[in-house]
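Undergrad: Prediction below, plus the sequence it came from.
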Amino acid sequence: MLLLLSLTAEAAPPPQYAYTRPESADPGQLEAYTFTHWPARTTLFAATETEVFDAPGGKRTGMLAFGEGVRVEEPGAVGMADDRVDQWIRVSGEHPGWVFGGQLTPYRWDVDMDGDGERELVTAAWVSGFTVRVRVLEPNMRAGATMQLDVDAAGGGYISQLGAIATLDLIPASKAGIALIHVHMGVEACADFRDDWISYSSAGPSRIGSERVALSLSGLIDPPNDSEFTVEFSGKRKTAYVTHSQAEAEGQPPSITNQRYVLRDGVFLLEQNGAVSR
């Protein structure tokens, strides 16, 4: 699978964050959905402004701000909200109560994504279309002034499944030349997988910017047909070095291809014969 050389050996592994449903299942069949059940005392974050209730589906008692942290206290019944299936969760924190789990996420970052000297708030969460939505909030703009980008799931095509297991991490600008949200998508089976690196750039402080897929790579684990890759970023050179390994027959050595990508305007562009083209 992917070996991301910019991560340190001491870094804790990112949490697995699942949301799936068989393609053949009725969308209204709640028991057909698989999602991550968070244990008590887990810290989660509001993926966007999120309502808090006195009981599952009850009276609204407050709001969680974008990125606000809560602690899981008690799981509740499974339900559907905005076509997203998850369970209700009783949480503690500044605004205790019941929150729909589909609006919470284990992933939140406070980081200067665009290098303008201001730190943005970033969250990532599964949404109804079986995509992971990466949201960016500028710190000094009015509430709700966010940008968002949806990343499609990968890994379910071979097993007729919607959604995937996602793991995410932050690649700092010192490692890649620009801060990146790394999204890995796959399933616990022989199937395809994909890695996307998301960038965010703006015209300056307190200016809303734009998100882009800075780099996207895919692979396949289906012996004897395996297609894998490794990636090494260079923040100093603002480049990404990708090594592809392609195996098509058991017992034969894989073919190896090396590629160099150059960072331009928040996107890594492939360099071929000394030239970079869009």
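TA: Arrived safely, thanks for sending.

Undergrad: This protein - how does it break down into domains?
TA: 3-15+107-276, 37-105 (automatic domain parsing).

Undergrad: need those domains in JSON lines with mean pLDDT, can you?
TA: Listed next are these as JSON lines, based on pLDDT from 0 to 100:
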{"stretch": "domain 3-15+107-276", "mean pLDDT": "87"}
{"stretch": "domain 37-105", "mean pLDDT": "97"}
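
Undergrad: where do the helices sit along the chain?
TA: Applying DSSP state H to the chain gives helices spanning 173-176.

Undergrad: Could I get the contacting residues of residue 46?
TA: 64-68, 70, 99, 103-105, 123 (C-beta atoms under 8 Å, 6 or more residues apart in numbering). In this view, the C-beta of every residue, glycine as well, is placed from N, C-alpha and C.

Undergrad: Separate out the buried members of those residues.
TA: Neighbour counting with 16 or more other C-beta atoms under 10 Å marks 64-68, 70, 99, 103-105, 123 as buried within the contacts of residue 46.

Undergrad: and which of these is nearest to residue 234?
TA: Lowest distance from residue 234 to the buried ones among the contacts of residue 46 (C-beta to C-beta) belongs to residue 123, with 28.1 Å.

Undergrad: And the closest one, how close does it get to residue 158?
TA: According to C-beta to C-beta, to the nearest Å, residue 123 stands 30 Å off from residue 158.

Undergrad: next one: residue 25
TA: 17 Å.

Undergrad: how about the residue most central in space within the chain, what does it touch?
TA: In the chain, the residue lying closest to the centroid (C-alpha atoms, centre = their mean) is residue 183, at 4.2 Å. With contact taken as C-beta under 8 Å, 6+ apart, residue 183 is in contact with 124, 132, 134, 151, 166, 168, 195-198.

Undergrad: In strands, which of those residues appear?
TA: Among these, the residues falling in strands (DSSP state E) are 124, 132, 134, 151, 166, 168, 195-198.

Undergrad: follow-up on the earlier one: could you point out which of the domains of the chain sits nearest residue 29?
TA: Going by C-beta to C-beta, the one of these nearest residue 29 is domain 37-105, 9.3 Å.

Undergrad: Give me the distance from the closest one to the chain's centre.
TA: Centroid separation between domain 37-105 and its chain, computed with C-alpha atoms, centre = their mean, to the nearest Å, is 19 Å.

Undergrad: same question, stretch 172-180
TA: That offset, for stretch 172-180, works out to 16 Å (C-alpha atoms, centre = their mean).

Undergrad: Can you name the residues that contact residue 203?
TA: residue 209.

Undergrad: Check residue 153 too.
TA: 130-132, 162-164, 166, 185.

Undergrad: now with 10 Å?
TA: Neighbour list for residue 153: 19-20, 126, 129-132, 161-166, 183, 185-187, 194 [criterion: C-beta atoms under 10 Å, 6 or more residues apart in numbering].

Undergrad: So which of those residues belong to strands?
TA: Using DSSP E, the contacts of residue 153 in strands are 19-20, 126, 131-132, 161-166, 183, 185-186, 194.

Undergrad: and which of those residues is nearest residue 82?
TA: Distances from residue 82 to those, taken by C-beta to C-beta, are shortest for residue 126, at 11.6 Å.

Undergrad: so what's the closest residue to that closest one other than its chain neighbours up against?
TA: Closest residue to residue 126 apart from its sequence neighbours, by C-beta to C-beta, 6 or more residues apart in numbering: residue 19 at 3.9 Å. Shown in contact with residue 19 (C-beta under 10 Å, 6+ apart): 33-36, 84-86, 102, 125-128, 130-132, 153, 162-166.

Undergrad: what's across from residue 19 in the sheet?
TA: residue 35, residue 164 (DSSP bridges).

Undergrad: neighbours around the residue nearest to residue 241 when sequence neighbours are not counted, how many?
TA: Nearest non-adjacent residue to residue 241, counting by C-beta to C-beta, 6+ apart: residue 232, 4.7 Å away. Applying other C-beta atoms under 10 Å, we find 15 residues neighbouring residue 232.

Undergrad: Quick check, residue 232 in contact with residue 240.
TA: Yes. When contacts are counted by C-beta atoms under 10 Å, residue 232 is listed as touching residue 240 (7.3 Å).

Undergrad: Residue 261 touches residue 243, doesn't it?
TA: No. Assessed by C-beta under 10 Å, residue 261 is found out of contact with residue 243, at 12.0 Å.

Undergrad: No further questions, thank you.
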